[in-house]
Every structure is written in C-alpha cells, then in structure tokens.
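S.K.: Starting from these lines, generate the structure:
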Amino acid sequence: MNRRTLAVAIACFIPALAFAQLDSVSSGMYLWKKPAQEIHQNIFSSVLFEGSTRDMEFLQMTANTLLSSDEKTALQVPDNEEHLLLVKSGLLTINLKESSWSLSSGSIALLMPGQKYSIQNAAKDSCSFHLMKSRSKLPMNVARGEIAGGSVVIERNKVEFNPHERGGIRNYLERPTVMCKRLEMHVTILKEGIKSHEPHRHQAEEIVLIIDNKTEMQIGDKFYKGGRGDVYYLGSNVSHAIRNDGKGQCVYFAFQFE
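M.R.: A predicted model of the protein is given here:
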C-alpha cells in the first residue's frame with residue numbers, strides 16, 4: 001500500500017472510529033458525581049452520561065461546580081449544540097441578552113446554538129448545576145427555535161404551583177427548540193410514600209432529575225434508588241414509574257424531548 005492510499009484509508013477510518021466510540025445511553029440511574037475537572041475559569045465538571053439516543057446524535061449530562069468569584073465567566077454554546085442549565089444548589093447569576101437573573105435551586109436556562117452568555121457566583125459558598133448538551137440526529141431548525149422564543153431563563157419561584165391530590169406540579173415550558181420538535185419540562189412534588197403513576201411508556205425520551213429527597217424509579221423490571229442531584233434517563237418506549245422513597249415530600253424535574 002502506497003502512502004497516498006494509506007492516508008486515504010486513515011482519513012476514512014478516523015471518523016468511523018469516532019462515531020463508533022459514541023455508545024448509546026442506557027436507560028437507568030446516573031449518580032451525581034463531585035465535579036473534578038476544571039473546564040473553564042472557576043468551573044469544575046464531571047460527566048454523568050454521554051452518548052447517542054433515539055432522537056439525539058449526541059446527548060451529555062454533566063455535574064458542575066461554580067466557585068465563588070468577583071468575575072463573570074464568559075461562555076458560548078457551540079453552533080451545533082443546544083444547552084440546558086439546571087441549578088442544583090447555591091445562587092447562580094446568569095447574564096443573557098443584556099439581562100441578568102439570580103437563579104436558585106430548580107431554576108433553568110435553555111440556551112440555543114451559538115448563544116453567548118456569562119455566569120457568576122458572587123456568594124461565599126460554591127454553586128452547583130447540571131448542564132445537558134444535545135445535538136439532534138435530524139438537521140437543526142434554527143427558525144423553529146427562534147419563533148418559539150429562542151433562549152430563555154425560568155426562575156423556579158416565578159413558576160405557578162398547581163396542587164393536586166398526590167402533591168403538585170410546576171409547568172415550566174412546552175415548546176419546540178432548534179434541536180427538538182417538542183421539549184416539555186415540569187417539576188413534580190410527590191407526597192411521602194406516593195407513586196406518581198403506574199408503570200407506563202411513551203415515545204418521547206425522558207429525563208428525571210431529583211431536586212430534593214429520595215426516590216425509587218422502576219425501569220422495566222429493575223428498581224433504582226436516587227437522591228438529590230441523581231438523574232434517571234428513560235429511553236423511548238421504556239416502561240417506568242417513580243415513587244417517593246423518603247420522609248416528607250420529594251421534588252424532581254421531568255422533561256421529555258423528541
């Protein structure tokens with residue numbers, strides 16, 4: 001084999017190898033990990049899971065710590081990704097579109113591809129947050145995301161609480177994005193010992209992220225116990241049901257996407 005032929009073979013092999021290394025995300029529970037790697041100024045991160053899914057070419061969830069600082073950390077979403085930031089603890093200040101928000105636990109920021117923003121933790125204690133990065137298998141639809149509202153910040157204490165017999169719910173959003181034809185997000189509060197529903201399945205993929213207390217998730221015929229900061233990934237049409245497994249009420253995010 002001559003050098004030119006070898007070079008062509010290597011060029012073809014490397015992308016295939018990179019694709020092959022991106023395994024599918026398995027339905028199950030992913031524990032919160034202490035953020036260990038410094039990825040930006042004042043930000044430490046650890047990967048909880050990453051890979052491909054039914055609708056996503058790339059899906060990654062990370063655990064992050066933002067250290068206290070007098071300076072803002074400037075960030076930008078890559079042009080081929082969409083990001084979802086969810087505050088776990090502490091107080092995170094985000095500056096976006098010439099506006100500023102102070103976000104406490106349970107608040108979110110949905111960030112479109114290419115979005116520039118900055119974050120800061122001006123409090124004495126560190127702040128922690130989850131960050132989900134996604135890239136769809138279908139071509140991006142930038143116009144769809146912009147028509148639906150583009151990047152948005154939602155503060156937990158400004159979302160109306162609707163009580164029901166099992167606890168209550170806060171409906172955050174249901175809309176298209178650049179990467180999803182539908183993204184639906186809500187926070188559920190379950191009373192002690194209560195199951196949200198019997199095992200069921202749906203086409204949309206779902207992520208359940210525990211905000212407070214202990215839970216037990218049934219996925220297929222297996223049971224998983226997760227607490228604050230832990231994440232359940234539920235693939236398309238996977239049977240699942242969640243129950244409050246702690247003392248007092250439990251609180252968790254549930255978001256579906258397709």
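S.K.: Going by C-alpha atoms from here, please, whenever you check contacts or count neighbours.
M.R.: Fine.
S.K.: which stretches of this structure form helices?
M.R.: Applying DSSP state H to the chain gives helices spanning 3-20, 142-147.
S.K.: Comparing these by mean pLDDT, which bottoms out?
M.R.: In terms of average pLDDT, helix 3-20 trails the rest of the helices of the chain, at a mean of 42.
S.K.: Number of residues surrounding residue 58?
M.R.: Using other Cα atoms under 10 Å, residue 58 has 20 other residues around it.
S.K.: Identify the bridge partners of it.
M.R.: residue 135 (DSSP bridges).
S.K.: Quick check: it touching residue 132?
M.R.: No: Residue 58 lies out of contact with residue 132 (Cα atoms under 8 Å); the separation is 10.3 Å.
S.K.: Now for the closest residue to residue 193 other than its chain neighbours: which residues touch it?
M.R.: Take residue 193 and drop its neighbours on the chain: the residue closest to it by Cα to Cα, 6 or more residues apart in numbering is residue 244, 5.1 Å away. Residue 244 is in contact with 190, 191, 192, 193, 194, 195, 214, 215, 216, 250, counting by Cα atoms under 8 Å, 6 or more residues apart in numbering.
S.K.: From what I see, residue 226 and residue 210 are in contact.
M.R.: Yes: taking Cα under 8 Å as the definition, residue 226 is a contact partner of residue 210 at 7.4 Å.
S.K.: which one of these two has more residues nearby?
M.R.: For residue 226 versus residue 210, neighbours defined as other Cα under 10 Å are more numerous around residue 210 (25 against 20).
S.K.: Domains in this structure, by residue range?
M.R.: With domains defined by automatic domain parsing, the chain comprises 29-154, 159-257.
S.K.: Pipe those domains into JSON lines and attach distance to residue 23 per row.
M.R.: Converted to JSON lines, the domains of the chain look like this (distance: least, Cα to Cα, whole Å):
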{"stretch": "domain 29-154", "distance to residue 23": "5"}
{"stretch": "domain 159-257", "distance to residue 23": "14"}
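S.K.: hey, what's the residue nearest to residue 193 bridged with?
M.R.: Residue 244 has these beta-bridge partners by DSSP bridges: residue 215.
S.K.: separation between it and residue 178?
M.R.: The gap separating residue 244 from residue 178 is 34 Å, by Cα to Cα, to the nearest Å.
S.K.: Please identify the buried residues of stretch 142-159?
M.R.: Residues 144, 145, 150, 151, 153, 154, 155, 156, 159 are the ones in stretch 142-159 that count as buried (16 or more other Cα atoms under 10 Å).
S.K.: which ones are touching the fourth one?
M.R.: If you count contacts by Cα under 8 Å, 6+ apart, residue 151 has them with 109, 110, 111, 112, 115.
S.K.: if you set the cut-off to 6 Å instead, what comes out?
M.R.: With contact taken as Cα atoms under 6 Å, 6 or more residues apart in numbering, residue 151 is in contact with 110, 111, 112.
S.K.: ok, now residue 118?
M.R.: By Cα under 6 Å, 6+ apart, the contact set of residue 118 is 73, 74, 75, 94, 95.
S.K.: try 10 Å
M.R.: By Cα atoms under 10 Å, 6 or more residues apart in numbering, the contact list for residue 118 reads 71, 72, 73, 74, 75, 76, 93, 94, 95, 96, 100.
S.K.: any idea how far the closest residue to it other than its chain neighbours is from residue 67?
M.R.: Closest residue to residue 118 apart from its sequence neighbours, by Cα to Cα, 6+ apart: residue 74 at 4.3 Å. Shown here: residue 74 relative to residue 67, a distance of 14 Å by Cα to Cα.
S.K.: quick one: low-confidence parts of the protein?
M.R.: Residues of the chain meeting the criterion pLDDT under 70: 1-22.
S.K.: neighbour count winner among residue 74 and residue 67?
M.R.: Neighbour totals were compared for residue 74 and residue 67, and residue 67 leads with 19 against 14 (other Cα under 10 Å).
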